[in-house]
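Undergrad: I'd like to go over a predicted model; first the sequence, then the structure.
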Amino acid sequence: MTELRQSTAVTIKLGPFVDSSDGDTLEEGLAGSMTVKLSKNGGDIAARHSTDAITYDESGFYNVPLDATDTNTLGRLRILVVNAGTHLPVWADFMVVRQAYWDWKYGSADLAVDATKISGSATAADAVEANIGNLDAAVSTRAPASTALSKNTWTDERAGKLDYLDANVSSRASAEYYTSTRAAYLDHLNVGGLVASHADIQGITQASRIRIATSPQWERPDDGSTTYRIWIYHYNEQHQPEDLDSNPTVTVENEQGTDRSGNLGTVTKESGTTGVYYVDYTVADDHAVEGLIIKVSATENGETGVWAIGASVVDTTAVDFTSSDRQKLEAIKAQTDKLGFSDSNDVKATLDGEQVNLAADQEVNVTKWAGTSVSVGAASNLPSVSADAISDSAASADAVEANIANLDDKVSDITAQTSKLQFTAEGDVKATLDGEEVTTASLSTQAQNQVNQACDQALSDYNPAKPEDVEITVP
């Protein structure tokens, strides 16, 4: 039976209202004409005191407000609506309970308990009440080893351990209750401080009530995208599967705090399970290689907590090593095994004597020739090589060496002749320095005409008295 808080306004659901003629058709238009009555703890039926309007909800149910007067009587409260000829009778029973009980059961208040008797005796209750004040000091001072209890049973050490109990301890320090077996239990309290309280234990349990499972490495595909699933498991205090108040909230960010939640799907509860949820994360071929932090926010019984784990997006080619990759490496090794090296770890490129063809303008540094060191000439900066044979003939080498000296004489003779040449300002050779006749090749028609015109002009200008004035200019 539904409980209601005494003298407290509340809105209840009343229904379903169905047509009286067929007992099936829902009545949805009664809000304005409905008369609600009630009976308090078996009392006479009377009209509802609240004047707040009744409203229709759905499926034949109506919202019926009750005020503090309607709920002021403890016990059973019956709400009923009767309207013959319109709908079938509708009623509902509720239990009105004390406010303190309601607040303890459905709220966060403590339940107040007033004990007037203990074991049916008011005197015993008064005695307990009178001695409550004696619990405001260390238990060991109330029951030292010098009491009537056996010192072998009730030692100062055991009494001192009771001081670490983080709870109320009764003062029944008598042989009737404090037996040797019970006293031995204190020896198992291997603590040097306060014993963990229920809240401490619950806090430890709460920290392990959510489990998150996924692959620690999410491979980024070479093309397209790949989906990875994140599983979330929830447990109660006894570590049994338990559903949350609602689906958890999942977010993802990278190590720099950049939000990556856009790659998440929808959080879904696994069908047919208790406390099991999942959400998918999609890794595309253009996503960054990075570390990720997955955060899960979950609420259970109104309490919200946050849990997190890590994962990494990695390059698939960096973590996958296939048989094809191994074959390629073995092929490379087969070629490099053919290389030979000198004592200084230089590659010997012509082990079998084949000719080496150099690219154009490629620089070559020769330090040895047939095992003999080669020097560099100071003037030419070219290698200086001593040739003992030409075309594998020592005689040919001697002949070349004997004729090299004649080159200087030949060059000197040539220089003596070329030094006689003189040149004009334009660089032409002056070929008639001593007046000999110069014979030219036949002139072109245009050049001949120009010579004839020059001669005609000279004849017309000729003055026998001044022959020196005659000048013939040939263009």
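TA: That came through fine. Residues are numbered from 1 along each chain as shown.
Undergrad: and the helices in the protein?
TA: 99-106, 122-131, 139-142, 156-161, 180-185, 198-207, 316-319, 323-336, 394-404, 406-418, 445-460 (DSSP state H).
Undergrad: mean neighbour count added to these, as CSV?
TA: Heads up, the C-betas are built off the backbone N, CA and C, glycines and all. Output for these, formatted as CSV (neighbours: other Cβ atoms under 10 Å):
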stretch, mean neighbour count
helix 99-106, 14
helix 122-131, 12
helix 139-142, 16
helix 156-161, 16
helix 180-185, 11
helix 198-207, 11
helix 316-319, 12
helix 323-336, 9
helix 394-404, 11
helix 406-418, 9
helix 445-460, 11
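Undergrad: and of those, who's closest to residue 20?
TA: Among the helices of the chain, helix 99-106 comes nearest to residue 20, with 36.7 Å by Cβ to Cβ.
Undergrad: what mean pLDDT does that closest one get?
TA: Helix 99-106 shows an average pLDDT of 92 in the prediction.
Undergrad: elements contacting that helix?
TA: strand 2-5 (3 or more Cβ pairs under 8 Å, 6 or more residues apart in numbering; DSSP states H and E).
Undergrad: tell me the mean pLDDT for the strand it packs on?
TA: Averaging the model's pLDDT scores along strand 2-5 yields 95.
Undergrad: need the helices of the chain in a markdown table with distance to residue 240, can you?
TA: Output for these, formatted as a markdown table (distance: least, Cβ to Cβ, whole Å):
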| stretch | distance to residue 240 |
| --- | --- |
| helix 99-106 | 24 |
| helix 122-131 | 39 |
| helix 139-142 | 37 |
| helix 156-161 | 33 |
| helix 180-185 | 29 |
| helix 198-207 | 12 |
| helix 316-319 | 38 |
| helix 323-336 | 47 |
| helix 394-404 | 104 |
| helix 406-418 | 110 |
| helix 445-460 | 123 |
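Undergrad: may I have the beta-bridge partners of the nearest residue to residue 266 once chain neighbours are set aside?
TA: Leaving aside its sequence neighbours, residue 266 sits nearest to residue 279 (Cβ to Cβ, 6 or more residues apart in numbering; 6.8 Å). Beta-bridge pairing of residue 279 under DSSP bridges involves residue 230.
Undergrad: pretty sure residue 279 contacts residue 269?
TA: No. With contact defined as Cβ atoms under 8 Å, residue 279 does not reach residue 269; the gap is 10.6 Å.
Undergrad: of the two, give the one with the bigger neighbour count.
TA: Neighbours were counted for residue 279 and for residue 269 using other Cβ atoms under 10 Å; residue 279 has more, 21 against 17.
Undergrad: quick one: contacts for the more buried one?
TA: 229-230, 232, 250, 264-268 (Cβ atoms under 8 Å, 6 or more residues apart in numbering).
Undergrad: out of the residues you listed, which are buried?
TA: 230, 232, 250, 264, 267 (16 or more other Cβ atoms under 10 Å).
Undergrad: and the fourth one, what are its bridge partners?
TA: It refers to residue 264. Taking DSSP bridges as the rule, residue 264 bridges to residue 281.
Undergrad: related to what we said a few turns ago, and the helices of the chain, which one's lowest on average pLDDT?
TA: helix 139-142 (a mean of 56).
Undergrad: could you break this structure into its assigned domains?
TA: For the chain, automatic domain parsing gives the domain ranges 2-106, 132-195, 209-319, 446-475.
Undergrad: adding distance to residue 112, write those out as TSV.
TA: Below are the domains of the chain laid out as TSV (distance: least, Cβ to Cβ, whole Å):
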stretch	distance to residue 112
domain 2-106	6
domain 132-195	16
domain 209-319	23
domain 446-475	141
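Undergrad: for residue 400, which of those domains is the nearest?
TA: When the domains of the chain are compared by Cβ to Cβ, domain 446-475 sits nearest residue 400, at 53.4 Å.
Undergrad: coming back round to it: out of the buried ones among the contacts of residue 279, what pair is the most spread apart?
TA: Greatest spatial distance in these: 232 and 264, 12.4 Å, computed using Cβ to Cβ.
Undergrad: which neighbours do those two have in common?
TA: 250, 279.
Undergrad: name the residues that touch the longest strand anywhere in the chain?
TA: In the chain, with assignment by DSSP state E, the single longest strand is strand 303-315. Contacting residues not belonging to strand 303-315 are listed as 206, 209-210, 212, 214-220, 228, 283, 287-298 [Cβ under 8 Å, 6+ apart].
Undergrad: tell me which of the residues you listed fall in strands.
TA: Going by DSSP E, the strands hold 210, 212, 217-220, 228, 283, 290-298 from the contacts of strand 303-315.
Undergrad: which residues of the stretch 1-150 of the chain fall in strands?
TA: Per DSSP state E, counting those that start in this stretch, the stretch 1-150 of the chain carries strands over the ranges 2-5, 10-14, 37-40, 46-47, 55-56, 62-66, 75-83, 87-97.
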